[in-house]
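Undergrad: Return a 3D structure for these sequence lines:
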Amino acid sequence: METILESNILPNTARTDAKPKWLKVKLPIGQKYTELRGLVDKYALNTICTSGSCPNMGECWGEGTATFMILGNICTRSCGFCGVKTGRPETVDWDEPEKVARSIKIMNIKHAVVTSVDRDDLKDGGSIIWIETVKAIRRMNPNTTLETLIPDFQGIERNIDRIVEANPEVVSHNMETVRRLTREVRIQAKYDRSLEVLRYLKAKGINRTKSGIMLGLGETEEEVIQTLHDLRDANVDVVTIGQYLQPSKKHLPVKEYITPDQFAKYEKIGLELGFRHVESGALVRSSYKAQKHIL
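TA: All right, here's what the predicted structure looks like:
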């Protein structure tokens, strides 16, 4: 059993012997949820909400928000926290932009979040499919607002520029964790490269930038606060802070369950730093309350 140094335990946290009561989720209900669930099943639509068993699915669907993943379901990276399969991805499906746009239309989504696996196997990093997807959604759903939750594209500016050209209402790229833990948590990613991607997006004119971090991987309070400072220094507008939960025994273990009081403390600190929106709570995920982040 790994020994955890007392200096690395956040204040107001609980040990991982059992999941605490604040992580219990009510089953999604409501007419809007029921309608959308029926459409997803009937047309075999692919949403991260359902495939990832998101705890906020009922709430988000009730507000007309859903998340879609493009470029397949096999990632070229092997992050220690992520439940997505890693390996050699399948051939790019050039019909995918139309399929996603059609799904959004069928579901009558008001605000769509689009994300993807990392495609380091492609010269363009998948950025061409990205821009074609945004164009298809705009064409078929002119009243739907968009958030694109993008990979780092290895920091290659010509690929990031395609996202800038698409000009979604929000562009998000997740830091996921603090600097010290990045090499362990995001094996092929770099802390400073992610910050530079976010800084570059804002400098190129993106109206609203956003990032997210997970807690409970062994980070200290000081490190979390430093990450928030780093994100504000990169002119990020919105930050989400949630609890890491282990997808399987093969993934990184949960070191701490962060208490609601601690999440509230981080929210207060984030707002004082000047973020436009801070979503901070155990069940918060990247797309939580995404529809209000365009405001």
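Undergrad: how close does Glu98 sit to Glu132?
TA: 9 Å (Cβ to Cβ, to the nearest Å). (Each C-beta comes from the backbone N, C-alpha and C, glycine too.)
Undergrad: Those two: which is more packed in?
TA: Set side by side, Glu98 and Glu132 show more neighbours around Glu132, with 19 against 16, by other Cβ atoms under 10 Å.
Undergrad: Please confirm that that one is located within a strand.
TA: No. Assigned with DSSP: H, G, I helix; E, B strand; the rest coil, Glu132 falls outside any strand and is helix.
Undergrad: mind starting the numbering at 831 from now?
TA: Got it, first residue is 831 now, which makes that one Glu962.
Undergrad: Can you tell me the closest non-neighbouring residue to it?
TA: In this structure, Glu962 finds its nearest non-sequential neighbour in Pro927, 4.3 Å apart by Cβ to Cβ, 6 or more residues apart in numbering.
Undergrad: Same question for Gly1046.
TA: Looking at Gly1046 with Cβ to Cβ, 6+ apart, the closest residue is Tyr1074, at 4.4 Å.
Undergrad: circling back to that earlier point, let's see the pLDDT reported for the residue nearest to Glu962.
TA: As predicted, Pro927 sits at a pLDDT of 94.
Undergrad: Surely it is in contact with Arg969?
TA: No. Counting by Cβ atoms under 8 Å, Pro927 stays clear of Arg969, with 9.5 Å between them.
Undergrad: For those two, indicate the residue with more neighbours.
TA: Between Pro927 and Arg969, counted using other Cβ under 10 Å, the more crowded position is Pro927 (23 against 11).
Undergrad: what comes up buried for the helix or strand harbouring the more buried one?
TA: Element membership for Pro927 (DSSP states H and E) is helix 926-937. Going by neighbour count (16 or more other Cβ atoms under 10 Å), the buried part of helix 926-937 is Glu926, Pro927, Glu928, Lys929, Val930, Ala931, Arg932, Ser933, Ile934, Met937.
Undergrad: Pull the distance from it to the chain's centre.
TA: Relative to its parent chain, helix 926-937 has a centroid offset of 20 Å by Cα atoms, centre = their mean, to the nearest Å.
Undergrad: again, but for stretch 962-971
TA: Per Cα atoms, centre = their mean, the centroid offset for stretch 962-971 relative to its chain is 21 Å.
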